[in-house]
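**Student:** model this:
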Amino acid sequence: MGYAKTPAEMPEGFSDSAWADVIVAMDKTYSELVAYQEKLESQNAELNELRRFMVSVFTSVSDVLIVVGRDGHIARTSRSFDALFGSSAEGLKNAPVDDIAAPGFRDRLDGAINQVIASQELETIEIEVGTGDGATPLELSIAPRLNERGKSVGAVVVGRPVGELRRAYSELEKSHAALKEAQGHLVRNEKLASLGRLVAGVAHELNNPISFVYANTHALEKYASRFEAYFTAVQDGASREDLIALREELALDRVVKNLRAAVEGSREGAQRVREIVEDLRRLSSDGGGEVTDFDLVTTTRTAADWVVRGTKTPVKLVFEDGPRPTARGNPGHIQQIVMNLVQNAIDALADVENPQVTLRHLVQGERAVLMVIDNGAGVAADHLDAIFDPFFTTKPVGKGTGLGLSISHKIAQEHNGDLRYCSVEEGGCFCLDLPLGQRG
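**Tutor:** Below you'll find the model as predicted:
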């Protein structure tokens with residue numbers, strides 16, 4: 001840009017140094033103009049990038065986006081606005097923003113926007129808007145729109161349709177209710193399956209005392225016939241000698257001795273039947289009783305004895321001497337857990353010589369603990385993370401549902417307790433802990 005002039009071309013009165021200063025100034029101005037031009041081009045590129053970004057936001061955002069001016073009119077909308085309002089969208093643009101609200105909601109929308117513009121604080125409201133599909137509920141988040149000096153120049157409204165969300169929540173609640181009902185059915189079915197395995201043992205247990213009572217009743221019937229014959233002779237006026245002979249013939253002295261034994265035996269048999277029926281009633285209850293304090297040892301023994309009675313495996317059941325903790329919970333539900341644990345232990349001992357299941361009771365702090373220990377192979381390490389998963393089982397097909405441990409674990413948690421696999425030196429062990437109840 002700068003160039004030197006010959007002395008003949010220089011105006012009169014200008015020295016060489018003056019012309020040099022002019023040339024330096026011109027070069028500096030040119031450089032500044034170039035730098036300013038580059039800065040403008042850079043800012044213009046940033047502005048274009050920002051404009052493209054804003055266009056992409058307004059085009060792709062799924063929520064309804066509305067830019068409102070300070071006068072309360074719509075300045076700009078997103079493409080989702082057009083999708084929501086359909087054919088009426090074009091007429092709403094540049095209109096007062098409260099025109100989007102259904103009758104009865106316009107004052108609320110107008111008041112919220114004015115409040116945001118005045119306070120510069122975020123506001124969230126819910127209104128209904130009129131669309132082609134009728135009234136649609138929208139949740140609106142209203143934020144202030146500020147200029148470079150921090151002054152309010154309008155608002156930005158983001159609307160999210162909540163109708164679908166509410167329907168989804170409603171469906172979720174229905175699904176949750178159905179899941180809880182299904183879970184209840186699974187609990188009952190698993191309990192019925194456990195009871196089904198005990199049918200043989202129940203029949204055997206009932207058959208013994210009932211047979212004893214029946215035999216004693218038959219004997220009492222014969223004894224009654226002999227006494228009737230003797231008393232008939234007495235009423236007919238038989239002589240003393242005849243009565244003595246008849247008494248010896250009917251062996252009444254021996255019958256009198258046997259009579260008390262028969263009555264006592266019948267009473268014991270009936271009592272045994274009563275106890276069996278009472279145990280069975282507790283086991284077959286639906287567990288819907290109230291939470292109470294109960295003797296964990298008695299509950300454990302009742303459930304474990306029934307499982308052993310119904311099994312074909314000649315397992316030895318050992319109750320270790322120790323504390324008798326009082327637990328807090330539903331005894332019927334806890335019996336189901338114990339039955340599942342003992343049954344699983346017995347199933348694991350099918351091929352074990354001298355199978356044994358040990359039940360140990362402990363008190364640890366504020367917890368009543370039951371340990372069910374077997375002398376089998378234990379649970380494989382790669383199965384430990386899955387043993388409480390529904391339908392997980394290592395038993396052959398048709399031998400187990402895979403629900404016993406899962407349901408038992410759920411019941412323990414509902415009692416504010418825990419069911420876990422515990423490490424022992426030999427065999428397998430499951431630990432059930434429950435809140436400690438008040439001692440009677």
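
**Student:** quick one, strands of the stretch 301-440 of the chain?
**Tutor:** Residue ranges of the strands in the stretch 301-440 of the chain, as given by DSSP state E, counting those that start in this stretch, are 316-319, 326-329, 356-364, 367-374, 418-421, 428-435.

**Student:** what about His415, how many residues close to it?
**Tutor:** 21 (other Cβ atoms under 10 Å). Just so you know, the C-beta spots here come from the backbone N, C-alpha and C atoms, and that holds for glycine as well.

**Student:** so it sits against Asn330, correct?
**Tutor:** Yes. Look at His415 against Asn330 with Cβ atoms under 8 Å: they come within range, at 7.1 Å.

**Student:** mind checking which of the strands of the stretch 301-440 of the chain is nearest Ala177?
**Tutor:** Closest approach to Ala177 among these (Cβ to Cβ): strand 326-329, 24.7 Å.

**Student:** so where's the longest strand in the protein?
**Tutor:** As assigned by DSSP state E, the longest strand anywhere in the chain is strand 134-146.

**Student:** packing partners for it?
**Tutor:** strand 64-69, helix 106-119, strand 123-131, strand 152-161, helix 163-196 (3 or more Cβ pairs under 8 Å, 6 or more residues apart in numbering; DSSP states H and E).

**Student:** please repeat the previous calculation with a cut-off of 7 Å.
**Tutor:** For strand 134-146, the elements it packs on are helix 106-119, strand 123-131, strand 152-161, judged by 3 or more Cβ pairs under 7 Å, 6 or more residues apart in numbering; DSSP states H and E.

**Student:** Gln43 is nearest to which of these?
**Tutor:** Comparison of the helices and strands packed on strand 134-146 against Gln43 by Cβ to Cβ identifies strand 152-161 as nearest, at 21.5 Å.

**Student:** re earlier: I'd like the strands of the stretch 301-440 of the chain as a markdown table, with mean neighbour count and mean pLDDT appended.
**Tutor:** Formatted as a markdown table, these follow (neighbours: other Cβ atoms under 10 Å; pLDDT from 0 to 100):
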| stretch | mean neighbour count | mean pLDDT |
| --- | --- | --- |
| strand 316-319 | 14 | 90 |
| strand 326-329 | 22 | 91 |
| strand 356-364 | 18 | 91 |
| strand 367-374 | 22 | 92 |
| strand 418-421 | 17 | 91 |
| strand 428-435 | 22 | 92 |
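
**Student:** of these, which is nearest Glu90?
**Tutor:** strand 418-421 (63.2 Å).

**Student:** distance between the closest one and the chain's centre?
**Tutor:** Strand 418-421 has its C-alpha centroid displaced from the chain centroid by 17 Å (Cα atoms, centre = their mean, to the nearest Å).

**Student:** what residues does that strand touch?
**Tutor:** With Cβ atoms under 7 Å, 6 or more residues apart in numbering as the test, strand 418-421 has contacts from 337, 379, 384, 387, 408-409, 412, 430-433.

**Student:** what is the nearest of those to Leu317?
**Tutor:** If you rank the contacts of strand 418-421 by distance to Leu317 using Cβ to Cβ, Phe430 comes first, at 15.4 Å.

**Student:** what residues are bridge-paired with the closest one?
**Tutor:** For Phe430, the beta-bridge partners under DSSP bridges are Val372, Tyr421.

**Student:** right, and it touches Val372 too?
**Tutor:** Yes. Between Phe430 and Val372 there is a contact at 5.0 Å, judged by Cβ atoms under 7 Å.

**Student:** give the residues shared as contacts by those two.
**Tutor:** Jointly contacting Phe430 and Val372 under the rule Cβ under 7 Å, 6+ apart are Leu341.

**Student:** related to what we said a few turns ago, could the helices and strands packed on strand 134-146 go into JSON lines alongside distance to Glu32 and mean pLDDT?
**Tutor:** As requested, the helices and strands packed on strand 134-146 are exported to JSON lines (distance: least, Cβ to Cβ, whole Å; pLDDT from 0 to 100):
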{"stretch": "helix 106-119", "distance to Glu32": "42", "mean pLDDT": "88"}
{"stretch": "strand 123-131", "distance to Glu32": "48", "mean pLDDT": "84"}
{"stretch": "strand 152-161", "distance to Glu32": "34", "mean pLDDT": "85"}
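
**Student:** tell me which of the ones you listed sits most buried.
**Tutor:** strand 152-161 (a mean of 20; mean count of other Cβ atoms under 10 Å).

**Student:** so what touches it?
**Tutor:** Here strand 152-161 makes contact (Cβ under 7 Å, 6+ apart) with 63-70, 75, 113, 116-117, 120, 136, 138-147.

**Student:** switch the cut-off to 8 Å
**Tutor:** Identification of contacts with strand 152-161 by Cβ atoms under 8 Å, 6 or more residues apart in numbering yields 63-70, 75, 84, 97, 113, 116-118, 120, 129, 136-147.

**Student:** again with stretch 122-141
**Tutor:** 64, 84-88, 100-102, 104-105, 108-109, 112, 115-116, 142-144, 157-163, 166.

**Student:** and it, end to end?
**Tutor:** Distance between the two ends of stretch 122-141: 7 Å, counting by Cα to Cα, to the nearest Å.

**Student:** which strand residues bridge Val68?
**Tutor:** Ile74, Ala155.

**Student:** hmm, it is touching Asp99, no?
**Tutor:** No. At 11.6 Å, Val68 does not count as touching Asp99 under the criterion of Cβ under 8 Å.

**Student:** the more surrounded of these two?
**Tutor:** The residue with more neighbours, out of Val68 and Asp99, is Val68; 23 against 15, by other Cβ under 10 Å.

**Student:** what residues are up against the more buried one?
**Tutor:** Going by Cβ under 8 Å, 6+ apart, the list of residues near Val68 reads 74-75, 97, 113, 145, 154-157.

**Student:** rerun that using 10 Å as the cut-off
**Tutor:** Going by Cβ atoms under 10 Å, 6 or more residues apart in numbering, Val68 touches 74-76, 96-98, 113, 116-117, 142, 145, 153-157.
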